[in-house]
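Peer 1: Fold the following.
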Amino acid sequence: MNVILSLMLALMPAASPPKQLRAFVGQTKQNLSVPIKDLRNAPTMVVVDNRSLHLSTYPWRDFSPGAWGQGGSPMNIGLKVTSADKQPLPSGLRMDRAWVLFGEEAWEVPIRGRKAGQDHDKDSWINWINCADKAVCEISLRGGPQWGPSVYVDVVVRLTDSEGKNHLLQAPNQFVIGTS
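Peer 2: Numbering: from 1, shown residues only. All right, here's what the predicted structure looks like:
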């Protein structure tokens, strides 16, 4: 079963690659840009432009022999925002930050994307990814802390609507799997 799950996780990005680029990762830190209390109180569903939005996540660590040593890989996590009615996400919607919470510890990740049609130079990065008018907004985060596997984390993302209003959206109690 573990082998099948490992293969599925490895092949998921190839079968359906996220349209956005991988995020640069932040570090675990005590001084968060949003208080941990507010992150823990974030709702599991938000309504933006009369559309109910949900967050699903896929946190994992890789323990394949020889790849990372006995300590395993840092945490990786796939994030996916969708609407309850499976229609495109609201116009102007962006995702700019994510947090993974484990007890009183937090991994805060500023999300960066590439401007459409830009080359790979330093000026082509923006501090958010565009989620507007897409059926799914997804991104993969890599290089997190070494929590788990077999622990539960809470995941929160910050979405900004077309009027500039921020919305925190949470996926609580996400099980961190270990692949090998």
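Peer 1: shaky segments in this structure?
Peer 2: Along the chain, the model assigns pLDDT under 70 to residues 1-30, 67, 113-128.
Peer 1: Pull the longest strand anywhere in it out as PDB, backbone CA atoms only.
Peer 2: Looking across the chain with DSSP state E, the single longest strand is strand 51-62. Listed next in PDB are the C-alpha coordinates belonging to strand 51-62 (Å, rounded to 0.1, in the frame of the first residue of the first chain):
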ATOM      1  CA  ARG A  51     -19.200  31.500  -4.100                       C
ATOM      2  CA  SER A  52     -18.300  29.100  -1.200                       C
ATOM      3  CA  LEU A  53     -14.600  28.300  -1.200                       C
ATOM      4  CA  HIS A  54     -12.900  25.300   0.400                       C
ATOM      5  CA  LEU A  55      -9.300  24.400   1.000                       C
ATOM      6  CA  SER A  56      -7.900  20.800   0.600                       C
ATOM      7  CA  THR A  57      -4.300  19.900   1.400                       C
ATOM      8  CA  TYR A  58      -1.900  17.000   1.000                       C
ATOM      9  CA  PRO A  59       1.000  17.200   3.500                       C
ATOM     10  CA  TRP A  60       3.700  14.600   3.300                       C
ATOM     11  CA  ARG A  61       7.400  13.700   4.000                       C
ATOM     12  CA  ASP A  62       9.500  11.400   1.900                       C
END
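Peer 1: Identify each buried residue in it, please.
Peer 2: Residues of strand 51-62 classed as buried: 51, 53, 55, 57-62 (neighbour count, 16 or more other CB atoms under 10 Å). Bear in mind the C-beta positions are built from the backbone N, C-alpha and C, glycine included.
Peer 1: Make a markdown table out of those and add distance to residue 70.
Peer 2: Formatted as a markdown table, the buried residues of strand 51-62 follow (distance: CB to CB, whole Å):
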| residue | distance to residue 70 |
| --- | --- |
| 51 | 46 |
| 53 | 40 |
| 55 | 32 |
| 57 | 26 |
| 58 | 24 |
| 59 | 20 |
| 60 | 17 |
| 61 | 12 |
| 62 | 12 |
